[in-house]
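In: I would like the atomic coordinates for the input below:
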Amino acid sequence: GCGPIEHVVEDACRLSDAVVFASPSERHRKDLRVCLDAVLGAAGVPVFYFPSGASPKIGQHVSVAYDGSTAAARSLKAALPLLRKAGAIHITGLRGVRKDPAQHVQDVRAYLALHGLTAVSETSFETPAAQNAIEAAKDRGSDLLVIGGYRQKSMREWFSGDAADQFLDSAKSMAVLTAH
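Out: Purely as a prediction, here's the structure:
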C-alpha cells in the first residue's frame, strides 16, 4: 500500500494474528512510535516488540503486569501459549481503576490456575506506571514482559515523544507483548 507508514502498517495488521516490531535504528524510532500507536489503537492484534538486546529465545521467564484493564486482560490472554511453555511466571499488580494492585495479583493468579498455570513470584505497586512493571521484570531476569497497551494517559504516553524513548530504552533487554 501507499501512504503514511502508520496507515500502511495498520492496514496490513488487520488480518494478522500478531504484529512483530524489531528494535529500530535511531533514525526510525519516531516511525516505530507512530506505528505502535496505530497498531495498538486500531488493528486489534497483539504486538510483540523485540529490542536488539533481547534474547532470541523468549518465554523462559515471563513477567505479567496487570492493572485490571481490558488491554491488560487481552495481553494476558494473547500470552497464554507462551505462558504454558514458560519456566517461570511472575505477576506484577499495578494500580487500576476498580481494585488495588494486590487484588489484581490474585485475579491473575486465579486466571492462571484455570489454565493449570502457577506463578513463582508476585509483587504490586500503588501506581499505574509502566516503568514499575519494566523494572520488576528486569529484577526477575524476565525475557518477556506481558503488559496492556494504553488505557490511561500515562500508558498512551509510552508511545509519544520522550516517554516512548524512555520505554524503548528501558525495555531493551527483554521482549514485550502488549495489546489494546
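
In: packing partners for the longest helix anywhere in the chain?
Out: Longest helix in the chain, counting residues (DSSP state H): helix 70-85. Judged by 3 or more Cβ pairs under 8 Å, 6 or more residues apart in numbering; DSSP states H and E, the packing partners of helix 70-85 are strand 61-66, helix 101-114, strand 144-148, strand 175-179. Quick note: C-beta positions are derived from backbone N, CA and C, even for glycine.

In: Could you look up the next helix or strand downstream of that helix?
Out: Downstream of helix 70-85, the first helix or strand assigned by DSSP states H and E is strand 88-93.

In: Listing partners with orientation, what would you give for that next one?
Out: Here strand 88-93 is paired, per DSSP bridges, with strand 61-66 (parallel), strand 121-124 (parallel).

In: Of the helices and strands packed on helix 70-85, which is nearest residue 45?
Out: Closest to residue 45 of these, according to Cβ to Cβ: strand 175-179, at 7.3 Å.

In: which strands and helices sit next to the closest one?
Out: Here strand 175-179 touches strand 47-50, helix 70-85, strand 144-148, going by 3+ Cβ pairs under 8 Å, 6+ apart.

In: Residue 132 against residue 101, yeah?
Out: No. Using Cβ atoms under 8 Å, residue 132 is not in contact with residue 101, being 9.5 Å away.

In: shared neighbours, those two?
Out: Residues touching both residue 132 and residue 101 by Cβ atoms under 8 Å, 6 or more residues apart in numbering: 94, 125.

In: Lowest-scoring secondary structure element of the chain by mean pLDDT?
Out: Least confident helix or strand of the chain, by mean pLDDT, DSSP states H and E, is helix 153-156 with a mean of 45.

In: how many neighbours does residue 137 have?
Out: When neighbours are counted by other Cβ atoms under 10 Å, residue 137 registers 27.

In: rewinding a little: looking at the helices and strands packed on strand 175-179, which one is packed in the most?
Out: Burial of the helices and strands packed on strand 175-179 is given as mean neighbour count (mean count of other Cβ atoms under 10 Å); strand 144-148 ranks first at a mean of 28.

In: May I have the strands that pair with it, each with its orientation?
Out: Short version: by DSSP bridges, strand 144-148 pairs with strand 61-66 (parallel), strand 175-179 (parallel).

In: Quick one: distance of that strand to the chain centre.
Out: Here strand 144-148 shows a centroid-to-chain-centroid distance of 3 Å under the convention Cα atoms, centre = their mean, to the nearest Å.
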